[in-house]
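Chemist: no sequence on hand, only this structure:
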């Protein structure tokens, strides 16, 4: 696998500058797994639409995309008022992931005090650094997390695969490269450990079915798709050694806000003594919060995401079908909060710690 | 509502004899909510196919359909060997719901010792009694269960709706009439209680989205569709007063085998102190079992149920779309087991009892 994750054998990131640094390209994740389609974004408005429509998604990648959005704004108009307005537009696209606000803050801080003529170049440098740091951070998360998989592999004397359950997509496609929850899996696979991943389809947008399965296929990692309802049954029957998910926002006390349904897996893991780990970079920690359940805003998305399912028809076209009675109302909460008490540990770029204020303080003493 | 549940204002059952008692008709549940389509079944083979393909489903209705299957067999050939073979064919269609085996046993017992010439008429009488008993039993389940809803309504001084969460379809369509889990809801609605139902879509076959929502719409009961991932989040935020599900098989010790994903809701309910009740007729109690997790066979169904989603296209046709990468394997467990310790109580036609051997003995002393 070498320096990162491959698509059809070629290393790729999920976002990159192009056209001599005048626009950025992304993989349109709403077309996967059926089409591998690259889109060019040439303005902050196009970036905002790409984030809001989830052509790019995943907390770390949203942060990187927002940073590039400010680059495109600085290219068009680098005044403070224009940059503030662009940051506000980007911030409003998705309310839950804290990386978005974090990345906007990083770019704004990098430009502060610079003359307008120097801001565009500084923005591109800052966005590139955010991306490179994300890649390095995810790689480090992989190095720390793979020890958990290696430990299970040793315990069961390499006689059966290590069974990892994940939810949604916290892989390469959710970050710039490597992923968070999947980085340990990719490293384990690279090191010859027999690892198998249970992939929950992750309704309503099916990021497990369409993104995680596709990623794992590209890297040749054995996996099995399941409906979101199945994870508890597998744990009850000893078919899961380890759960690893990502996080869209983690409080200073270790509460984890992640894709809706994560909490159900965490509470089942506790009921079955299955370790439940959450992998995240420091950029998704919100040091200002102490209670995830009451303090993190939960995005409610369009009910059509539940009402309509996108897939490939037998004649090869991508289309949507409606699965509900038209008159039935829908609620579409996109995230839930897993209280720290249900989290076995947080895997960050600095190591693995207890999901608690004390645990995070051991890894991030400068914030405690 | 009167004697039962209505479709377009007309009282209906889910299965009934027709053609002067030479065949049976069913509602093809694989076409709902998009089409209300009635099918005629004229042989035991056709009944077996209707059960296996889930044109009829739901533990009590499967039992009723199997009974009618034996009627059609008795009409064609009422010899013991032919009836035994037919019973075997029917029994093999679905392994988990115990009502199937129970109903076959009831009909076989009713024919035992009768001359072949009298068996057909006896079979039709027995099947009709199974259906009538199911309707009466479900109505009684409703009468007992509605007290739970009335109690919440009183506690909150009728100031906000009573919020009931259910999973899959344990309504009218799962039985001959009224339903199990939904019978209390229908009675509460009839009595003017402001009741609102959270309906999990119930992947992979979407029985919540396509059947429960449709049923509730037909009776005018307020409801909201949610992805299966959402139930825990709602409970964490005090948005669920009561969970009620059905059961495909209940052990003598109160373990409940029901649609996959039920366990995840039960364990979340416990974590949030939300009462979790299971409604079932005596015909779905398997008195021979004491441990649901190890003793109940869990049906594994075709992976295409996960891989492909059926819905209505924008031009009004019903069609299937594929949502997974074609090379990704799928596991499709259809049921899971909720241990008795997570069940607040069992609602049966005889009353509400603790989910335990002792609890069931208070309602069914003749079996203890």
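Modeler: Done, it's in. If you're wondering where the values come from, they're calculated on a predicted model, not measured in any experiment. Residues are numbered from 1 along each chain as shown, chains lettered A, B, ... in the order given.

Chemist: just the strands in the stretch 101-250 of chain A please.
Modeler: A:162-166, A:195-200, A:223-226, A:242-245, A:249-251 (DSSP state E, counting those that start in this stretch).

Chemist: distance to chain B, mean pLDDT and mean neighbour count added to the ones you listed, as JSON lines?
Modeler: Every residue, glycine included, has its C-beta placed from N, CA and C. Written out in JSON lines, the entries for these read as follows (distance: least, CB to the nearest CB, whole Å; pLDDT from 0 to 100; neighbours: other CB atoms under 10 Å in any protein chain shown):
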{"stretch": "strand A:162-166", "distance to chain B": "12", "mean pLDDT": "98", "mean neighbour count": "25"}
{"stretch": "strand A:195-200", "distance to chain B": "8", "mean pLDDT": "98", "mean neighbour count": "25"}
{"stretch": "strand A:223-226", "distance to chain B": "5", "mean pLDDT": "98", "mean neighbour count": "24"}
{"stretch": "strand A:242-245", "distance to chain B": "12", "mean pLDDT": "98", "mean neighbour count": "26"}
{"stretch": "strand A:249-251", "distance to chain B": "15", "mean pLDDT": "97", "mean neighbour count": "29"}
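
Chemist: relative to residue B:284, which of these is closest?
Modeler: Between residue B:284 and the strands of the stretch 101-250 of chain A, the shortest separation by CB to CB is 25.6 Å, and it involves strand A:223-226.

Chemist: helices or strands up against that closest one?
Modeler: On a contact count with 3 or more CB pairs under 8 Å, 6 or more residues apart in numbering or on different chains; DSSP states H and E, strand A:223-226 meets strand A:195-200, helix A:213-219, helix B:304-307.

Chemist: which of the three states applies to the residue lying closest to residue A:293 once chain neighbours are set aside?
Modeler: Once its chain neighbours are removed from consideration, residue A:293 has its nearest residue in residue A:337; the separation is 5.0 Å (CB to CB, 6 or more residues apart in numbering or on different chains). Remark: residue A:337 carries the secondary structure label strand [criterion: DSSP: H, G, I helix; E, B strand; the rest coil].

Chemist: residue A:337 bridge partners, please.
Modeler: According to DSSP bridges, the residues that bridge with residue A:337 are residue A:257.

Chemist: residue ranges in chain A under the pLDDT threshold?
Modeler: Per-residue confidence of chain A (counting by pLDDT under 70) places the weak regions at A:1-3.

Chemist: what about the closest residue to residue A:295 other than its chain neighbours, how many neighbours?
Modeler: On the basis of CB to CB, 6+ apart, the spatially nearest residue to residue A:295 that is not a chain neighbour turns out to be residue A:289, at 4.6 Å. With neighbours defined by other CB atoms under 10 Å in any protein chain shown, the count for residue A:289 comes to 18.

Chemist: so who does residue A:289 touch?
Modeler: Neighbour list for residue A:289: A:249, A:251-253, A:255, A:295-296 [criterion: CB atoms under 8 Å, 6 or more residues apart in numbering or on different chains].

Chemist: swap in residue A:180?
Modeler: Under the criterion of CB under 8 Å, 6+ apart, the contact partners of residue A:180 comprise A:60, A:138, A:141, A:170-171, A:174, A:246-247, A:279-281, A:347.

Chemist: confirm the residue nearest to residue A:295 sits in a strand?
Modeler: No: assessed with three-state DSSP, residue A:289 is coil; it does not lie in a strand.

Chemist: for residue A:75, phi and psi?
Modeler: Residue A:75 has phi and psi values of phi -70, psi -40 when expressed as degrees, to the nearest 10.

Chemist: got the residues of the stretch 151-300 of chain A near chain B?
Modeler: Counting by CB under 8 Å from any CB of the partner chain, the positions of the stretch 151-300 of chain A adjacent to chain B are A:198-199, A:201-204, A:206, A:209-210, A:213-214, A:216-217, A:223-234, A:236-237, A:259-261, A:263-265, A:267-268, A:271, A:293, A:298.

Chemist: swap the cut-off to 7 Å and go again
Modeler: Proximity of the stretch 151-300 of chain A to chain B (CB under 7 Å from any CB of the partner chain) is limited to residues A:201, A:203-204, A:206, A:209-210, A:213-214, A:217, A:223-230, A:232-233, A:236, A:260-261, A:263-264, A:267-268, A:271, A:293.

Chemist: still on that earlier bit, filter the contacts of residue A:180 to the buried ones?
Modeler: A:60, A:138, A:141, A:170-171, A:174, A:246-247, A:279-281, A:347 (16 or more other CB atoms under 10 Å in any protein chain shown).
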